[in-house]
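S.K.: Dropping the sequence and predicted coords here.
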Amino acid sequence: MSQVKVVAYKGNVVNPTKNPDVAWVRVEQEVESIVNGWLQSSTRGALIMGKPEQLESKFRENQVLTGKIVVRETLTPRYDGQSPKINPATGEILTKGGEPIYRNTMFTPNMNDQDELIEHDREEVAVSSAQQNVSMAIA
């Protein structure tokens, strides 16, 4: 598992919100997973929220944190205006029992914490061009 690092956003480690008492810090982690038999690399990102003065005293750019970034899928949005998960090939909203699925990421110091994914109603989701090319070459 790769390291979780604090990254600056537009040159700032601590970033304001509309509420002056709340700010956020972005963290990122490179992860590898096997999806449909294919090894895939991706960058996961998450926000750590808090009071600006607390975040400023605890975090600096490129700081390595002990923990990991996990995915939490839910059937309710985490915030107003959150877009549901979509099939990148068709633009269709992914659902479970007809309800939209929402994808959230979060930092956790618990290395044993696992992703919580919801199996969607539709079977076919976009296949990468590399997977399609290999499938055609084998046929």
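M.R.: Thanks, I have the structure now. A quick note: this is a predicted structure, and the numbers were derived from the prediction, not measured. Residues are numbered from 1 along each chain as shown.
S.K.: And what about residue 53, helix, strand or coil?
M.R.: helix (DSSP: H, G, I helix; E, B strand; the rest coil).
S.K.: Tell me which residues touch residue 101, please.
M.R.: Neighbouring residues of residue 101 by Cβ atoms under 8 Å, 6 or more residues apart in numbering: 73-75, 84-85, 93-95, 118, 120. The C-beta positions use only the backbone N, C-alpha and C, and glycine is treated the same way.
S.K.: now with 10 Å?
M.R.: 73-75, 84-86, 93-95, 117-121 (Cβ atoms under 10 Å, 6 or more residues apart in numbering).
S.K.: And the pLDDT for it?
M.R.: Looking at residue 101, its pLDDT stands at 97.
S.K.: Show me which of the contacts of residue 101 are buried.
M.R.: Neighbour-count burial (16 or more other Cβ atoms under 10 Å) applied to the contacts of residue 101 gives 73-74, 85-86, 94-95, 118, 120.
S.K.: can you tell me which two in the residues you listed are farthest apart?
M.R.: For these, the maximum inter-member distance is 15.5 Å, found between 74 and 86 (Cβ to Cβ).
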